[in-house]
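Asks: Got a predicted structure here, sequence first:
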Amino acid sequence: MEGSNPTPTIPADFKPAILLVEDEKTSRLMTARQLTRAGYDVEAVSNGTEALATLARRFFPMLLTDWDMPGLNGVALCKAVRAMTLEGYVYIVLLTARQGKAHVIEGLAAGADDYLTKPPDDGELRARLNTGLRILQLEQSLRAANRRIQLLSITDALTGTYNRHYLMEQLPQEIERSRRYRHPLSVVLCDVDHFKQVNDNHGHRAGDEVLKSFAHLLMSSIRGGSDWVVRYGGEEFLIVLPEAMVANALSYADKIRATVSEHSFQISGGTLHVTASFGVAGFDPLGAPDPAIVDRLIDRADSCLLRSKEGGRNRVTGEMLISTVEPSP
Ligand code: GH3
Ligand code: MG
Ligand code: MG
Ligand code: MG
């Protein structure tokens, strides 16, 4: 299984950028040469202040720093780096001419991961940095796993659309943005017509295939980057259209209604046709703040959807939701 190896091997091409900080010119040149020979992409600076400025400009996953330097010394630099918000972990090795346990403890307490006595021995330098590479690789695989889990937690497993958890987190923020910038926002609720018959006539698996294709049609009909689709219920989807006035949302919904009704849905053993009904509700960004706006907007789209169903299905109904809360003077 991927990620089950507790000590990942280091690919030959995984040599991250390393920032070397050393005030003595000769030591700086010699250590930089050692690092370059070991395959690292080295940038060298001569003091802690320069190092911080360099880190603010470019991310270095590794930092090899001298301890004694004028101005910001190695220990102060470690503390400053640990206080920075950076795109990933920085593995820090302190270079020191000093001896003694108390000294080492001080360096590690300041945030260093390891230390080396100066001048660093070639083999030891490589070995210690390899330890750092393993830690950085573990960090990277953890981050990737977290990203995957995060994505799974907001995605509907069957259709690949967002799920309700995402809706409840995202829609209030989207509405808030819409109010702040006084932009319109509309939601489109759609429900597959007589979907129970698809299951009854062709089986649940065929029903699943239809739902997947239906969701795919919705997702490929929206503007990526701003609009998004949520599986709201079994065969019900909500499309959020930030920036869309209700009139635009109505014509969008009618276009997708037509696309669905003309589409041949592939199931094992043939194709079938379905239709869907739509309810559209538009949010008024100039209305008074309403704490129940998310529920009211969706409820309004739902009552429009019901009217589409009652009106014979395969149709679109929409309304602007006018705030019922009194605007503050
Ligand atoms: P209407 O036009 O009024 O919407 O009729 P309908 O048959 O679509 O509505 P109803 O609510 O009676 O039935 C919805 C069906 O959707 C019932 C349920 O079994 C089915 N369904 C819900 N989720 C899934 C799913 O994930 N896969 C499959 N195959 N069917 C599902
Ligand atoms: Mg020095
Ligand atoms: Mg339904
Ligand atoms: Mg239905």
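Replies: Structure's in. What do you need? Fair warning: this is a prediction, and the values are worked out from it, not measured in the lab. Ligands and ions are numbered 1, 2, ... in the order given.
Asks: in the stretch 51-200 of the chain, which spans are strands?
Replies: Per DSSP state E, counting those that start in this stretch, the stretch 51-200 of the chain carries strands over the ranges 62-66, 91-96, 114-117, 185-192.
Asks: Need those strands in TSV (columns: mean neighbour count, distance to ligand 4 and mean pLDDT).
Replies: (Glycine included, C-beta is placed from N, CA and C.) Converted to TSV, these look like this (neighbours: other C-beta atoms under 10 Å; distance: least, C-beta to the ion, whole Å; pLDDT from 0 to 100):
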stretch	mean neighbour count	distance to ligand 4	mean pLDDT
strand 62-66	26	57	97
strand 91-96	25	55	95
strand 114-117	16	62	94
strand 185-192	26	4	98
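Asks: Ok, which of these comes nearest residue 214?
Replies: Proximity to residue 214, assessed across those by C-beta to C-beta, is greatest for strand 185-192 (6.2 Å).
Asks: Is the closest one in proximity to ligand 3?
Replies: Yes: legend: contact between strand 185-192 and ligand 3 by C-beta under 5 Å from the ion is shown at residue 191.
Asks: Can you confirm whether that strand lies near ligand 1?
Replies: Yes: using C-beta under 6 Å from any ligand atom, strand 185-192 reaches ligand 1 at 191-192.
Asks: For ligand 2, find the nearest of the strands of the stretch 51-200 of the chain.
Replies: Closest of these to ligand 2 is strand 62-66, at 4.3 Å (criterion: C-beta to the ion).
Asks: Mind giving me the packing neighbours of that closest one?
Replies: strand 17-21, helix 25-37, helix 48-57, helix 74-83, strand 91-96, helix 122-153 (3 or more C-beta pairs under 8 Å, 6 or more residues apart in numbering; DSSP states H and E).
Asks: That one: how far from the chain's middle?
Replies: A distance of 30 Å separates the centroid of the chain from that of strand 62-66, by C-alpha atoms, centre = their mean, to the nearest Å.
Asks: Contacts for that strand next, please.
Replies: Strand 62-66 is contacted from outside by 16-24, 27, 31, 35, 40, 48, 51, 55, 74, 77-78, 81, 90-96, 118, 129, 132, 136, using C-beta atoms under 8 Å, 6 or more residues apart in numbering.
Asks: Tell me the buried residues within the residues you listed.
Replies: Using 16 or more other C-beta atoms under 10 Å as the burial test, the contacts of strand 62-66 include 16, 18-23, 27, 31, 35, 40, 48, 51, 55, 74, 77-78, 81, 90-96, 118, 129, 132, 136 as buried.
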